[in-house]
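Q: This is the structure alone, sequence omitted:
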């Protein structure tokens, strides 16, 4: 394997010898009962087309297998945490229009554009998916507690990080590739030149 030399191989072998796979899985399932791997039939098919699909994809909420098979169109909506009133209004309008035309909206549950997009979808009776940069059980930002609860009941929450993983600035750019990978298109509503939204695009 390119990039793996004799020294790294030795380290991997040493670490592997200390792992009991059955025990590891049993312990993992206690806190993480719901996840897919790329080998699972229900793993989102579109994610297999990106350069680095998450090896584990944790989920919480309502699974729609048509979405996972790529049969329901998903559109990402991303943008700044500090939108203008114009950005807020058009995020709501576009999210509602997408829902009315049968689209599922994907976003990152961040403050600002993300939260507005999720909320608008739910209020319009539509479907929305939140991709987190934390564990699926971690509410981040904390003021989205009610949104997190509603998404569990009416939408879907996804993450490549196990339960209990707190927010970390390095997680969010990585999270963005999942939003982009799931989506047929990504709409950047409002964003500064150097932003996670443009990384996603």
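A: That came in fine, so what should we check first? Just so it is clear, the model here is predicted, and its values are computed rather than measured.
Q: Could you measure from residue 167 over to residue 133?
A: 6 Å (Cβ to Cβ, to the nearest Å). No exception for glycine: its C-beta is placed from N, CA and C like everyone else's.
Q: how near is the residue nearest to residue 38 when sequence neighbours are not counted to residue 40?
A: Using Cβ to Cβ, 6 or more residues apart in numbering and skipping residues adjacent in sequence, the residue nearest residue 38 is residue 53, 5.7 Å away. Counting by Cβ to Cβ, the gap from residue 53 to residue 40 is 12 Å.
Q: Same question for residue 46.
A: From residue 46 to residue 40 the distance is 14 Å (Cβ to Cβ).
Q: more neighbours, those two?
A: residue 46 (18 against 10; other Cβ atoms under 10 Å).
Q: sorry, back to before: between residue 167 and residue 133, what contacts are shared?
A: Common neighbours of residue 167 and residue 133, counting by Cβ atoms under 8 Å, 6 or more residues apart in numbering, are residue 140.
Q: In terms of neighbours, single out the busier of those two.
A: residue 133 (26 against 17).
Q: Report the contact partners of that one.
A: 108, 140, 159, 161, 167-168, 171-172, 174-175.
Q: And for the residue lying closest to residue 111 once chain neighbours are set aside, the neighbour number?
A: Excluding its sequence neighbours, the residue lying closest to residue 111 (Cβ to Cβ, 6+ apart) is residue 81, at 4.5 Å. Counted with other Cβ under 10 Å, residues neighbouring residue 81 total 16.
Q: just the one 10 residues further on next, same as before
A: Neighbouring residues of residue 91 were enumerated by other Cβ under 10 Å; the total is 27.
Q: Make sure it is indeed in a helix.
A: Yes. Residue 91: assigned to a helix according to DSSP: H, G, I helix; E, B strand; the rest coil.
Q: In contact with it, which residues are there?
A: Listed by Cβ under 8 Å, 6+ apart, the contact set of residue 91 reads 77, 79, 83, 113, 116-117, 120, 189.
Q: pLDDT at residue 122, what is it?
A: pLDDT recorded at residue 122 is 97.
Q: Pull up the gap between it and residue 99, please.
A: Look at residue 122 and residue 99: by Cβ to Cβ, they are 9 Å apart.
Q: what's the answer for residue 181, then?
A: Distance from residue 181 to residue 99, by Cβ to Cβ: 21 Å.
Q: same thing with residue 156?
A: Distance from residue 156 to residue 99, by Cβ to Cβ: 15 Å.
Q: Against which helices or strands is the helix or strand containing residue 199 packed?
A: In the assignment (DSSP states H and E), residue 199 maps to helix 196-200. Helices and strands touching helix 196-200, by 3 or more Cβ pairs under 8 Å, 6 or more residues apart in numbering; DSSP states H and E, are strand 74-78, helix 171-182, strand 185-188.
Q: Name every sheet partner of the last one and say whether each one runs parallel or antiparallel.
A: What it means is strand 185-188. For strand 185-188, the paired strands and their directions (DSSP bridges) read strand 74-78 (parallel).
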